[in-house]
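**Student:** Sequence and predicted structure below; questions after.
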Amino acid sequence: MEVQEFDFELPESLIAQTPLANRTASRLLTLNKATGDIQHGTFEQLADYLEAGDLLVMNDTRVIPARLFGVKRDTGAKAELLLLKSLGDDRWEALVKPGKRVKTGTILDFGTDVDAGSAGEPILSAEVLEEGDMGARILKFQYRGIFNEILDQLGQMPLPPYIKEQLPEKERYQTVYAKHEGSAAAPTAGLHFTEDYLELLRQKGVRIAFVTLHVGLGTFRPVSVDNIEEHQMHAEYYELSAETADLINETKANGKRVVAIGTTSARTLETVAQSSRKESESSDGAWIMKPASGWTSIFIYPGYTFQAVDALLTNFHLPKSTLLMLISALAGRDHILKAYEEAVRLEYRFFSFGDAMFIY
């Protein structure tokens, strides 16, 4: 399939620059994946589309202040880092700007330690160990103290480049259930939920489970090839616990739906479903979801058959993006593009701080 098949016209004015004051105040477009029927409402009406026994699966990753601004030690030239994933032993994969000028062996300094003497030693330093494509680098950090505390001091929330406004409150770019630190971007479908709304769903009999996928380059890296089948996703770390696996298996056995909250949850569920099915087939047993963790580079596009996900809550995505391709695999490309045409016509808010879409 050609990447151009997933293009659409999007006025820049529809890109949401700031979050709504009330997380649940966004609009909701619902799409019946079988019939293509489209309805319009508010996010709080999501409860009307859920039944007792349905299982919501949410990504409980927590965004770290992964954007760092520093200088090259040898020249004083400015440099910017976006931390993508920890490789252990204080090594990180990151995107660097300007990438062409930051070569192997370059040392970058961040912040100034006022207690280190009049010269002012850097609070944080990083040496470039390896160079990759499109500005990707492997760096090793040096510092005194606790790395996450230094990030809190020096780092900024890594808002996507299409958001030009500053975010005054960091927690507004976290889900209310964010727990495990490690993401370079928020799982934005989850930003619509409040604790009160989650409790309302529980009172209705809807169950909630969690997976973890640390959002990195794989989720938002653009497709740079014409044929989407040639696109390679960047690996991201995931975990699916035994408790969540048991809840998924119970839900399926009871004939209820597994509802992924966001594309990152969907990718995690489908990654583990694939490995669980292979394991079950090799043992000649019935397929059940099993706990798992590791790295996933799953790329879901039309032609893919979903094994775990029955329904999906998501935001509105970029033209020609892997996320648009994923939801097209679930609901059909024609249904999705028609729904997006409606969303543009009715001026829905797009992307991270935008409105929601429920595919069922």
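**Tutor:** Noted; the coordinates are in hand. Numbering: from 1, shown residues only.
**Student:** okay, stretch 10-18 in PDB with CA atoms only?
**Tutor:** The C-alpha trace of stretch 10-18 is given here as PDB (Å, rounded to 0.1, in the frame of the first residue of the first chain):
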ATOM      1  CA  LEU A  10      -6.000  19.200   7.700                       C
ATOM      2  CA  PRO A  11      -6.200  22.900   8.400                       C
ATOM      3  CA  GLU A  12      -3.400  24.000  10.900                       C
ATOM      4  CA  SER A  13      -6.100  25.800  12.900                       C
ATOM      5  CA  LEU A  14      -7.500  22.400  14.000                       C
ATOM      6  CA  ILE A  15      -4.300  21.400  15.800                       C
ATOM      7  CA  ALA A  16      -5.100  21.800  19.500                       C
ATOM      8  CA  GLN A  17      -2.300  23.900  21.100                       C
ATOM      9  CA  THR A  18      -3.500  23.700  24.700                       C
END
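**Student:** buried stuff in the helix ranked longest in the chain?
**Tutor:** The longest helix of the chain (DSSP state H) is helix 263-282. By 16 or more other Cβ atoms under 10 Å, the buried positions in helix 263-282 come out as 263-273, 275-277. For the C-beta atoms, the positions are set from N, CA and C on the backbone; glycine is no exception.
**Student:** Could you report the neighbour count for the closest residue to Val63 other than its chain neighbours?
**Tutor:** Excluding its sequence neighbours, the residue lying closest to Val63 (Cβ to Cβ, 6 or more residues apart in numbering) is Ser183, at 4.7 Å. Ser183 has 28 neighbouring residues, counting by other Cβ atoms under 10 Å.
**Student:** and what of Leu108?
**Tutor:** By other Cβ under 10 Å, neighbour count at Leu108 equals 27.
**Student:** so which helix or strand takes in it?
**Tutor:** Assessed by DSSP states H and E, Leu108 sits inside strand 107-110.
**Student:** still on that earlier bit, the buried residues of helix 263-282 into TSV, with extra columns for pLDDT and distance to His214?
**Tutor:** Formatted as TSV, those follow (pLDDT from 0 to 100; distance: Cβ to Cβ, whole Å):
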residue	pLDDT	distance to His214
Thr263	97	14
Thr264	97	9
Ser265	98	13
Ala266	98	15
Arg267	97	12
Thr268	98	10
Leu269	98	16
Glu270	98	17
Thr271	97	13
Val272	97	15
Ala273	96	19
Ser275	90	18
Ser276	88	21
Arg277	83	24
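**Student:** Closest to Ser293 out of these?
**Tutor:** Val272 (9.0 Å; Cβ to Cβ).
**Student:** I'd assumed Ala292 was in contact with that closest one.
**Tutor:** Yes: contact between Val272 and Ala292 holds when scored by Cβ atoms under 8 Å: they sit 4.7 Å apart.
**Student:** list the residues that contact both of the two?
**Tutor:** Jointly contacting Val272 and Ala292 under the rule Cβ atoms under 8 Å, 6 or more residues apart in numbering are Tyr238, Leu240.
**Student:** Show me the shaky parts of this structure.
**Tutor:** For the chain, applying pLDDT under 70 flags the ranges 113-119, 217-220, 281-285.
**Student:** Can you give me the domain assignment for it?
**Tutor:** Here the domain assignment for the chain is 3-63+169-359, 67-154, based on automatic domain parsing.
**Student:** one step back: so what secondary structure elements neighbour the longest helix of the chain?
**Tutor:** Counting contacts by 3 or more Cβ pairs under 8 Å, 6 or more residues apart in numbering; DSSP states H and E, helix 263-282 packs against strand 55-59, strand 207-213, strand 236-240, strand 258-261, strand 292-296, strand 311-315, helix 322-331.
**Student:** which residue sits closest to Ile208, ignoring its sequence neighbours?
**Tutor:** Nearest to Ile208 is Leu56, by Cβ to Cβ, 6+ apart, at 5.0 Å.
**Student:** Secondary structure element holding the residue nearest to Arg333 when sequence neighbours are not counted?
**Tutor:** Closest residue to Arg333 apart from its sequence neighbours, by Cβ to Cβ, 6+ apart: Pro302 at 5.5 Å. Using DSSP H and E, Pro302 maps to neither a helix nor a strand.
**Student:** Check whether Pro302 really touches Ala331, as I assumed.
**Tutor:** No: with contact defined as Cβ under 8 Å, Pro302 does not reach Ala331; the gap is 9.8 Å.
**Student:** And the helices in the stretch 101-250 of the chain?
**Tutor:** In the stretch 101-250 of the chain, the segments counted as helices under DSSP state H, counting those that start in this stretch are 147-154, 195-203, 217-220, 242-253.
**Student:** Sweet, I'm off.
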